[in-house]
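K.L.:
give the three-dimensional model of this entry:
(chains A and B)
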Protein chains: 2
Amino acid sequence: MKRIFYVILLSISTCCIPLFAQHKEKIDTAVVSKIKQEGLNRSQLMGMLSMLTDVHGPRLTNSPNYTKAAEYVKSTLEGMGLQNVHFDTWDETFGKGWELKKFTLQSLSPVYFPVIAYPKAWSPGVKGTIQADAVYLDIKNEDDINKYKGQLKGKIVLFSLPTPVKPGFTPDASRLNDSTLLQMANSGASEALTARRFQAATEPQRLAWLKWDLCQKEGAVAILEASPATRLEDGTITVAAATVPYPAEVPNEKRLRAYSANAPKILPQVVVAAEHYNRMVRQLQQNVPVKLELTLETAFTNASPGFNVIAEIPGTELKDEVVMIGAHLDSWHSGTGTTDNAAGSVVMMEAMRIIKTLGSNPRRTIRIALWGGEEQGLIGSRNYVKRVLGNRLDKTYPYDSIRLTPAAEKFSVYFNMDNGSGKYRGIYLQGNEAVAPIFRAWLKPFEKMGAATLTLRNTSGTDHLSFDAIGLPAFQFIQDPLEYGTRTHHTSMDLYDKAVEADLKHNAVVTATFAWLAANRDERIPRK
Amino acid sequence: MKRIFYVILLSISTCCIPLFAQHKEKIDTAVVSKIKQEGLNRSQLMGMLSMLTDVHGPRLTNSPNYTKAAEYVKSTLEGMGLQNVHFDTWDETFGKGWELKKFTLQSLSPVYFPVIAYPKAWSPGVKGTIQADAVYLDIKNEDDINKYKGQLKGKIVLFSLPTPVKPGFTPDASRLNDSTLLQMANSGASEALTARRFQAATEPQRLAWLKWDLCQKEGAVAILEASPATRLEDGTITVAAATVPYPAEVPNEKRLRAYSANAPKILPQVVVAAEHYNRMVRQLQQNVPVKLELTLETAFTNASPGFNVIAEIPGTELKDEVVMIGAHLDSWHSGTGTTDNAAGSVVMMEAMRIIKTLGSNPRRTIRIALWGGEEQGLIGSRNYVKRVLGNRLDKTYPYDSIRLTPAAEKFSVYFNMDNGSGKYRGIYLQGNEAVAPIFRAWLKPFEKMGAATLTLRNTSGTDHLSFDAIGLPAFQFIQDPLEYGTRTHHTSMDLYDKAVEADLKHNAVVTATFAWLAANRDERIPRK
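P.N.:
Numbering: from 1, shown residues only, chains lettered A, B, ... in the order given. You can find the predicted model right below:
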């Protein structure tokens, strides 16, 4: 159903692009000018970013640090004079909180060196400090499994293949050039990406399960994996949650997460920088025994619901109608979650602060939401949308089975940011052609600042999808990539210094403008 | 004197370049073809590289690991059938050996995180594991010093300014393009860089000394510094030896090295990745106390002379005449010294191996030297040259005061490699125009492989200078930079995976060819 819908859109879009001419959308240019002044000259964004990352980062969902960060957000938004500032607790249990209390991994022989590594989130710890020989699982097919029977008890297992490392002939950081932006401008709506596609079990997945099962049964003490093969090298590590590598045929509901209240017992799991992991594999391949020392102390808290942080600038004559802006507050844990997504969080906070300085309240209520649980599947925003705005009763035929709440009827639009620290260069229309003339007019004041491109394409992977899934207008901006996909996304290098101040200020100003204009225009934002 | 010499060369060179036409230098193309076959198809280079880096790296001068690596080199060269394989011990004391026994630096509050850091070489350790508050020395001028009096006892001091971090818009790795090679080809001889230039004491140097003195007198327990400002970021750390930041007016002979037999007592010194160092500075600037936990156990061995590893393929009818090839075996310690300079070491070892497979001995003796102490000032090669080949009696007027040994009269040429893993693209003539026609002919078989450029320029900073300083022909090849200057030089990322196999094989083949041809031509290589 959704697919057919987009195919139609795609066909229409080809002939419609020339019609995206300037609409008679009214803009209060004096207000936009005030917003620019405040956001570009009196920004408070980087101070908030440092607090969310340096001091309260990382912010793994339901971790003690997430709560500290949320409390900082709450008091900061209250300090700005926002109303109804509160923790929006989900109506279902998320799972356990987790934090790293102590971690070191050291190579003791053949050579002493501190290993660059980081434990996966929700990994169990080990008792005290253990010294153990390392074994590399050189398993290329099922028969190879037998070689390791009786060999793994008390061992630290190098579980994955080595990660090939290549010299970096392409830069980590980039900005969108005209040619890429033009492609986007000329593109139709891409297929929506909300539905999970069925994937057949691959041989590597099946082997991973067999290796896993072997390690558990044989009594290995911990599992090391190489940071995965991407451009991410130079000791940078990509780390997410501890998992069991179930083969693809295991249905989703049987894959219990490491944070679940009833999570299965798993082995401690640590991701090692490719260069150091490969070094240990080569040592073993030279028949040189490798002895490691591991200290891994982790702490779990009881399973509980997660929560979002929500606050408002109340509207005036249309105060029951709502414009929302948001970003996820939670992060992965090996860096400080700066570009993913303290960046988005402080842009939204700063946008609210800027709006508060305008001296008058907007016609509609402007609500900010900083979500938890995004990294575990947009849980915070999905739960909010289900409770407050509506639900799809049947996941297979979404648009037929949507049931909206009365609040959803009063809902105008949601703007989200979650693609790193890069500057806004335009906006994804998410297949909604009716918004094109509106957003084109709103971007006009930012044309000279490089943000002018509209694309019908969908963008996916974050919290606007929770709104989009029930047909509510929800958008993300086109952002310069900077180092997001190459260096910081889910990595140990997602640190404050990777944020670009000028880009974030720009984004706060555009977001404040869009929120203000959406809150003050005569109509709510049209729906698909 | 030397300066004038080069100015003359420079003037001549402009009109002489067109004369670099093909000389009647004889080349045994069948031998070159055999060398290529052996070096490109049956290389043993990467296995040796893994042993020198993964297993026996890093190889800090006089450290236990340096000795292990040297023993590996010795037995490997013996295994190749080389003669007179021996440790060439210097006739003067170098200093103490040092190794890292255990190191962790952890942030305990406001947030737990393992800090990416590495101790400087020859740093003393601390007793057991210490927990201490961090203090950032925010000192911009001499008056600021007073703020910290009485404040540093038992503290871990953040000694340096934060290092600015910028997104990486330029790639780490590059190869020389035609335009750069052409510039080099058209260039005259650059000024020799062997003489140290006098530098006036700068204000930052003076302040550094005052800060240092403050820390020592006040009883700080350790000093942290940010990895210095270069393109090196993403957690990569540049680390060299522990030092005292003497102001420039302190003469060289009064600056005792941390490895000296009579080294002064200094504070433990650790270099921290820029992103993590900056994070701690910002935490303190937000008035959030920072508590750290440091374990730093180091071991010193008694002061002793250092040594080089030397071996030969004996010549036949001109066996008293010598062609040398070499590279330094020692390295810095935070990586495994792969591109600096296990790469050069294994290229030289592989070149000797290739020559041994040719089935007949060369006319002249070919000698390989793998030097120690290069990182502390070319000590191994300087000491060798002084003992064996000659000396400059007066450092100020070098060419007038050179006294050569009889062995130097029989010396032909020295080829060195020490600019990372990058492919040879040609050769620096080091201001010696007479060798141009010879080297042009020798490069001819490598023209299609990208190595064809001659430049009159000097290249500096490594062991060929020890020979060049007494007027003996000594050369380095032009190399593609790859990631040498941007990522691996003296850093924690100088690891095996940063070596490029194809480039090293190419270099071994060119080196073997140059050594073979030099050993077999009728004349020795002409001198400047």
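K.L.:
got the contact list for residue A:221?
P.N.:
Under the criterion of Cβ atoms under 8 Å, 6 or more residues apart in numbering or on different chains, the neighbours of residue A:221 are A:126, A:130, A:132, A:154, A:155, A:156, A:267, A:268, A:294. Yep, even glycine has a C-beta here, placed from its N, CA and C like the rest.
K.L.:
so what does the lengthiest strand in chain A touch, helix or strand wise?
P.N.:
With secondary structure taken from DSSP state E, chain A has its longest strand at strand A:83-109. Counting contacts by 3 or more Cβ pairs under 8 Å, 6 or more residues apart in numbering or on different chains; DSSP states H and E, strand A:83-109 packs against helix A:64-79, strand A:113-114, strand A:117-119, strand A:291-313, helix A:379-388, strand B:83-109, strand B:113-114.
K.L.:
redo the ones you listed as CSV? Include mean neighbour count and distance to residue A:251.
P.N.:
Shown next, in CSV, are the helices and strands packed on strand A:83-109 (neighbours: other Cβ atoms under 10 Å in any protein chain shown; distance: least, Cβ to Cβ, whole Å):
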stretch, mean neighbour count, distance to residue A:251
helix A:64-79, 19, 29
strand A:113-114, 22, 41
strand A:117-119, 26, 28
strand A:291-313, 20, 22
helix A:379-388, 22, 19
strand B:83-109, 18, 41
strand B:113-114, 22, 37
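K.L.:
out of these, which is closest to residue B:147?
P.N.:
Closest approach to residue B:147 among the helices and strands packed on strand A:83-109 (Cβ to Cβ): strand B:83-109, 23.3 Å.
K.L.:
same question for the closest one, mean pLDDT?
P.N.:
For strand B:83-109, mean pLDDT is 98.
K.L.:
same thing with stretch A:242-249?
P.N.:
Averaged over stretch A:242-249, pLDDT sits at 87.
K.L.:
run through who's touching it.
P.N.:
So stretch A:242-249 is contacted by A:119-124, A:199-202, A:205-206, A:208-209, A:211-212, A:254-258, A:264, A:266, A:269 (Cβ under 8 Å, 6+ apart).
K.L.:
Three-state assignment for the residue in the stretch 401-528 of chain A that chain B sits nearest to, please.
P.N.:
Nearest residue of the stretch 401-528 of chain A to chain B, counting by Cβ to the nearest Cβ: residue A:497, 3.7 Å away. Recorded secondary structure, residue A:497: helix (DSSP: H, G, I helix; E, B strand; the rest coil).
K.L.:
who touches it in this structure?
P.N.:
B:165, B:233, B:274, B:275, B:278, B:279 are the contacts of residue A:497 under Cβ under 8 Å, 6+ apart.
K.L.:
what's the offset of the longest helix belonging to chain A from the middle of its chain?
P.N.:
If you go by DSSP state H, chain A has its longest helix at helix A:501-520. Using Cα atoms, centre = their mean, to the nearest Å, the distance from the centre of helix A:501-520 to the centre of the chain it belongs to is 20 Å.
K.L.:
would you mind getting the angle between it and strand A:291-313?
P.N.:
Angle, helix A:501-520 to strand A:291-313, by axes from the mean of the first three to the mean of the last three Cα atoms, to 10 degrees: 40 degrees.
K.L.:
what about helix A:501-520, average pLDDT?
P.N.:
pLDDT averaged over helix A:501-520 gives 98.
K.L.:
can it be found next to chain B?
P.N.:
No. Shown here: helix A:501-520 not in contact with chain B (Cβ under 8 Å from any Cβ of the partner chain), separated by at least 9.5 Å.
K.L.:
what ranges of chain A fall below the confidence cut-off?
P.N.:
Within chain A, the stretches with pLDDT under 70 are A:1-23, A:191-201, A:230-232, A:396-398.
K.L.:
all the helices of it, residue numbers only.
P.N.:
Along chain A, counting by DSSP H, helices occupy A:2-16, A:29-41, A:45-50, A:64-79, A:178-185, A:203-218, A:274-285, A:343-356, A:379-388, A:406-409, A:436-443, A:464-468, A:501-520.
K.L.:
residue A:486: which of those is closest?
P.N.:
With Cβ to Cβ, the closest approach to residue A:486 among the helices of chain A belongs to helix A:274-285: 14.3 Å.
K.L.:
okay, that closest one in PDB with CA atoms only?
P.N.:
This file holds the C-alpha atoms of helix A:274-285, laid out as PDB (Å, rounded to 0.1, in the frame of the first residue of the first chain):
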ATOM      1  CA  ALA A 274      41.300  -3.000  14.100                       C
ATOM      2  CA  GLU A 275      45.100  -2.400  14.200                       C
ATOM      3  CA  HIS A 276      45.500  -3.900  17.600                       C
ATOM      4  CA  TYR A 277      43.100  -6.800  17.000                       C
ATOM      5  CA  ASN A 278      45.000  -7.600  13.800                       C
ATOM      6  CA  ARG A 279      48.300  -7.400  15.600                       C
ATOM      7  CA  MET A 280      47.200 -10.100  18.100                       C
ATOM      8  CA  VAL A 281      45.900 -12.300  15.300                       C
ATOM      9  CA  ARG A 282      49.200 -12.000  13.500                       C
ATOM     10  CA  GLN A 283      51.200 -12.800  16.700                       C
ATOM     11  CA  LEU A 284      49.200 -16.000  17.000                       C
ATOM     12  CA  GLN A 285      49.600 -16.800  13.400                       C
END
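K.L.:
what comes up buried for it?
P.N.:
Buried residues in helix A:274-285, counted by 16 or more other Cβ atoms under 10 Å in any protein chain shown: A:274, A:275, A:276, A:277, A:278, A:279, A:280, A:281, A:282, A:283, A:284.
K.L.:
mind putting the residues you listed into TSV with distance to residue B:358?
P.N.:
Compiled in TSV, those are given as follows (distance: Cβ to Cβ, whole Å):
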residue	distance to residue B:358
A:274	38
A:275	36
A:276	39
A:277	39
A:278	34
A:279	34
A:280	37
A:281	35
A:282	30
A:283	33
A:284	35
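K.L.:
near chain B, from these?
P.N.:
The subset of the buried residues of helix A:274-285 within reach of chain B, by Cβ under 8 Å from any Cβ, is A:274, A:275, A:276, A:278, A:279, A:282, A:283.
K.L.:
re the thing from before, got the angle for the longest helix of chain A vs helix A:343-356?
P.N.:
Orientation check (the same axes, to 10 degrees): helix A:501-520 against helix A:343-356 gives 50 degrees.
K.L.:
just the buried residues of helix A:501-520, please?
P.N.:
Buried residues in helix A:501-520 (16+ other Cβ under 10 Å): A:503-520.
K.L.:
residue contacts, the residue nearest to residue A:223 when sequence neighbours are not counted?
P.N.:
Leaving aside its sequence neighbours, residue A:223 sits nearest to residue A:159 (Cβ to Cβ, 6 or more residues apart in numbering or on different chains; 4.6 Å). By Cβ under 8 Å, 6+ apart, the contact set of residue A:159 is A:137, A:211, A:212, A:215, A:223, A:224, A:225.
K.L.:
quick check: the gap between the last one and chain B.
P.N.:
Summarising the geometry, the distance separating residue A:225 from chain B, computed by Cβ to the nearest Cβ, to the nearest Å, is 16 Å.
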